[in-house]
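Colleague: quick one: sequence and predicted model below, then my questions.
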Amino acid sequence: MSLARVHNEVAQCIFRMLLICVSVMTVVVCLRSPAASQDGIGVTPGEFVVEPPTLIALGFEWYIDGDANRNASVAVSYRKKGTTEWKQGLPLFRLNGERTVTGLLNPDEPTGRGYRVIQTDSMAFTYVAPNMFAGSIFDLEPDTEYECRFRLSDPDGVSGVSEHEVTVRTRKEPEPAKGGHVYHVYPVGYSGPRIEPSFDGLLAAYYTAAIGGDWYDAFPPRVQPGDTIIVHAASIKTSDFAMGTSCCRAGRNAA
């Protein structure tokens, strides 16, 4: 056998071995990354957002790519920091392309039946939800730290970070400022005992004067940051809140 023929057969053998290796690697990649092989139905996690907390609730958003068949889900669990037992929360809500629109109603149906929005995209308050999950954990305690865990799963595969665990504190219940002035509001016509300084109507307390017109707020405000207005329990008419009272009544206890 000639040396050239031996070299040729060795080269062919090496080439076949390389093809086998590449084929095996391709199968492994397909098995480990189904999202890449199934036309975008797997999910790729994106930005995770912690919303500003409230007194008794925490809000979260998790942006994603993919999941065209919308079968991904996010399981939620939480616990008070320092405890061991995890509690189950509501799963995050799946969003993608839902529209919240404002517009004009169809004038061709004056009876109200068949009304429909006829202007959407050009309206200022039209909103289209992005590809994401969103939700909240409810019934918490104010001013308390919670450990919150989120697990993203998809039968078609997850490509990226599939779990987030964050520690968030709920808001502390607001307290009245200390050291400011205190103003007391009573309804117009109230004849019972008063705590001074007192005013007839909310705006009479807020502004240095108030009148029954649409320029009641032309007067400078009496109330400054840190002050407190106490509205005493009574039957108070809407107009008293909306427009204040007469100039003479508003000014009788002005400070």
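Modeller: Everything's here; your move.
Colleague: so where is the stretch 101-250 of the chain shaky, pLDDT-wise?
Modeller: 101-125, 210-217, 234-250 (pLDDT under 70).
Colleague: can you show me the strands along it?
Modeller: For the stretch 101-250 of the chain, the strands defined by DSSP state E, counting those that start in this stretch cover 127-128, 132-137, 145-153, 163-169, 182-186, 198-200, 228-231.
Colleague: so what sits opposite residue 59 in the bridge?
Modeller: The partner list for residue 59 in beta bridges (DSSP bridges) reads residue 136.
Colleague: next, count neighbours for it.
Modeller: 16 (other Cβ atoms under 10 Å). C-beta here means a position set from N, CA and C on the backbone, and glycine is covered the same way.
Colleague: that one against residue 140, yeah?
Modeller: No: Residue 59 is beyond contact range of residue 140, at 11.4 Å (criterion: Cβ atoms under 8 Å).
Colleague: can you list residues touching both of those two?
Modeller: Here residue 59 and residue 140 have no joint contacts, going by Cβ atoms under 8 Å, 6 or more residues apart in numbering.
Colleague: tell me which of the strands of the stretch 101-250 of the chain sits nearest to residue 53.
Modeller: With Cβ to Cβ as the criterion, residue 53 lies closest to strand 163-169 of the strands of the stretch 101-250 of the chain, at 5.9 Å.
Colleague: okay, the closest one in PDB with CA atoms only?
Modeller: The C-alpha trace of strand 163-169 is given here as PDB (Å, rounded to 0.1, in the frame of the first residue of the first chain):
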ATOM      1  CA  GLU A 163     -35.000  32.400  40.100                       C
ATOM      2  CA  HIS A 164     -34.900  35.700  42.000                       C
ATOM      3  CA  GLU A 165     -34.900  36.100  45.700                       C
ATOM      4  CA  VAL A 166     -35.200  39.600  47.100                       C
ATOM      5  CA  THR A 167     -35.600  41.200  50.500                       C
ATOM      6  CA  VAL A 168     -38.100  44.100  50.600                       C
ATOM      7  CA  ARG A 169     -39.500  46.200  53.500                       C
END
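Colleague: now for that strand, which elements pack on it?
Modeller: When contacts are defined as 3 or more Cβ pairs under 8 Å, 6 or more residues apart in numbering; DSSP states H and E, strand 163-169 packs onto strand 43-50, strand 145-153.
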